[in-house]
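J.: could you look at this predicted model? Sequence included:
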Amino acid sequence: MSVCQQRLLARMSTEKETLQKRQQSPNAPGTQQQPQGTQPQPGYQQPHSAYQQNQPQYINSQLPTYTQPQNPSMTSQLQQPPILYVGYNTNHPVTFIPAPVPKRSIFEAYLLTLLLGFTGAQHFYLRRPAWGVVYFFTLGFLGCGWVIDLFRLPLLVARCNKQASHPETTEEKKKNLDDAYVLWLPAGFLGLHHFYLNNIGLGVVYFFTFGLLGVGWVIDAFLMPYHVRKANSNIPDSQEKSTATTCILTISPAGILGAHHYYLNRIGFGIAYTLTFGLLGVGYIVDWCRFPVLVQRYNKSKSKGFISHKHLDDAYLLWFPLGFLGLHHFYLNRPGWGCLYFFTFGLFGLGWIIDGCRLCSLVTECNRQIDEQILLNSNNQGISNPNFVAGSGGSHQWPPAAGGQVVSNYTYTSIPYPPGYTANCPAQPGLYPTQHNGYGSTSGVGDQPPPYEAARTKF
């Protein structure tokens, strides 16, 4: 019997005794008097006024209430009012209290570690079944993990008890530095620590290259705190490239084949490194110093939109070892000069030497042409679509006016209009808009600007 039922029965028995005492003293103060002219039924006595005021109600309002029966034969049974059940709120919210999880003992954990540590018994005991399975099939990482557990076992026990006392926390989902180092020391050549830190790509590369021939495994000993901090920060890998990953790919032997350039979506440089073994080793050595710049440059281009600008360091890197083949000209969008250098070995070496002095101006000129092309493409799109809002090519917008016409700004210097339309932009052949002139959609109708526009362009 539950506590609530016991209390209910006790209250019911108390009320019954109280009513019986009140019935034995009919002239007690507070009793209701029978109205004059009426005869009470035999054997029935009016209940006490206090009882009528404090009489409990039924939970369900549809249940019939107690009324005085009309059959005189039943009056003998009505020596006292019926006992009603006490009102009880069955809709009260119930709070679920989970059963307490037993805490683990450090003495028992050490006992399992010393006797059965090679089989991972201590990890099964500390509610780490995945680690227990790995220890069971690898004999405690060939004994290395078993030895490390002897020193970090108090930390594991404290962590287990904390998760048991606070199961709502997210500590269980976080990656731990000590676990990452345990996976790195014996099995880092297979990339198990990268699989643990959700670096699936690097894990696969380590698995097939034995930790990038051991170089990446050594580098991870210093970069492990960074890997763990990034894994716990919940930053998607698709947003930005990691400096630590780029460093590993650059310094490792895979950097000779341009692995870091493929990682940074520099496919052209990756192919050049693969075919020339890191530009005869020169580019491989130079990238050791400039890989942070490459990562920052890539992340900046992803945040602001891709812009295919050329960079002076890339141009000089292509010029120095293999400039006589014209690689820097191909990079600067000068395929004609590139082919000429390729078949004449850099104009017999003379053009290659001169390009070393004028390479800065070549890069500047190439970027200027790229900017003009981007601006022209955006403006041509704006001409064909008057509602187009230019992005990198300009911030001018052509809102539609009344009557379906489009008002154009003839002082906008980035659009070359025919002679006479503007005084700021020189005429260029082959670039005049013919279908959409800004004043009408039909060619030949309203081709000339209004007088006030023509007058404004003169000043």
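T.: Cool, the structure landed. Residues are numbered from 1 along each chain as shown.
J.: so which residues of the protein form strands?
T.: Applying DSSP state E to the chain gives no strands.
J.: where are the low-confidence patches of it?
T.: Low-confidence segments of the chain, defined by pLDDT under 70: 1, 3, 25-100, 167-172, 234-239, 304-307, 381-459.
J.: okay, buried residues for the lengthiest helix in it please.
T.: Determined from DSSP state H, the single longest helix within the chain is helix 350-384. Under the neighbour-count criterion of 16 or more other Cβ atoms under 10 Å, helix 350-384 has 351-352, 355, 359, 362-363, 366-367, 374-375, 378-379, 382-383 buried. No exception for glycine: its C-beta is placed from N, CA and C like everyone else's.
J.: okay, those in a markdown table with distance to Glu15 next?
T.: Below are those laid out as a markdown table (distance: Cβ to Cβ, whole Å):
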| residue | distance to Glu15 |
| --- | --- |
| Gly351 | 114 |
| Trp352 | 112 |
| Asp355 | 109 |
| Leu359 | 104 |
| Leu362 | 104 |
| Val363 | 99 |
| Cys366 | 99 |
| Asn367 | 96 |
| Ile374 | 91 |
| Leu375 | 93 |
| Ser378 | 88 |
| Asn379 | 93 |
| Gly382 | 89 |
| Ile383 | 93 |
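J.: just to revisit the earlier point, so which elements touch the longest helix of the chain?
T.: In this structure, helix 350-384 packs against helix 312-322, helix 327-331, helix 335-348, with contacts taken as 3 or more Cβ pairs under 8 Å, 6 or more residues apart in numbering; DSSP states H and E.
J.: point out the most buried one among these.
T.: Comparing these by mean neighbour count (mean count of other Cβ atoms under 10 Å), helix 327-331 ranks first with a mean of 23.
J.: what packs against that helix?
T.: helix 312-322, helix 335-348, helix 350-384.
J.: how about these in a markdown table, adding distance to Val228?
T.: Compiled in a markdown table, the helices and strands packed on helix 327-331 are given as follows (distance: least, Cβ to Cβ, whole Å):
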| stretch | distance to Val228 |
| --- | --- |
| helix 312-322 | 32 |
| helix 335-348 | 46 |
| helix 350-384 | 40 |
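J.: closest to Gly203 out of those?
T.: With Cβ to Cβ as the measure, helix 312-322 is the member of the helices and strands packed on helix 327-331 nearest Gly203 (30.3 Å).
J.: what's the spacing between Gly346 and Trp146?
T.: Distance of Gly346 to Trp146, given as Cβ to Cβ, to the nearest Å: 62 Å.
J.: same check, this time on Ile370
T.: From Ile370 across to Trp146, the span is 60 Å (Cβ to Cβ).
J.: then Phe342?
T.: 61 Å.
J.: ok, back up a step: so for Val134, which of the helices and strands packed on helix 327-331 sits nearest?
T.: Among these, helix 312-322 sits nearest to Val134 (Cβ to Cβ), with 44.2 Å.
J.: counting contacts, what elements does the closest one pack onto?
T.: Contacts defined by 3+ Cβ pairs under 8 Å, 6+ apart place helix 312-322 against helix 267-280, helix 282-304, helix 327-331, helix 350-384.
J.: I appreciate the help and will end here.
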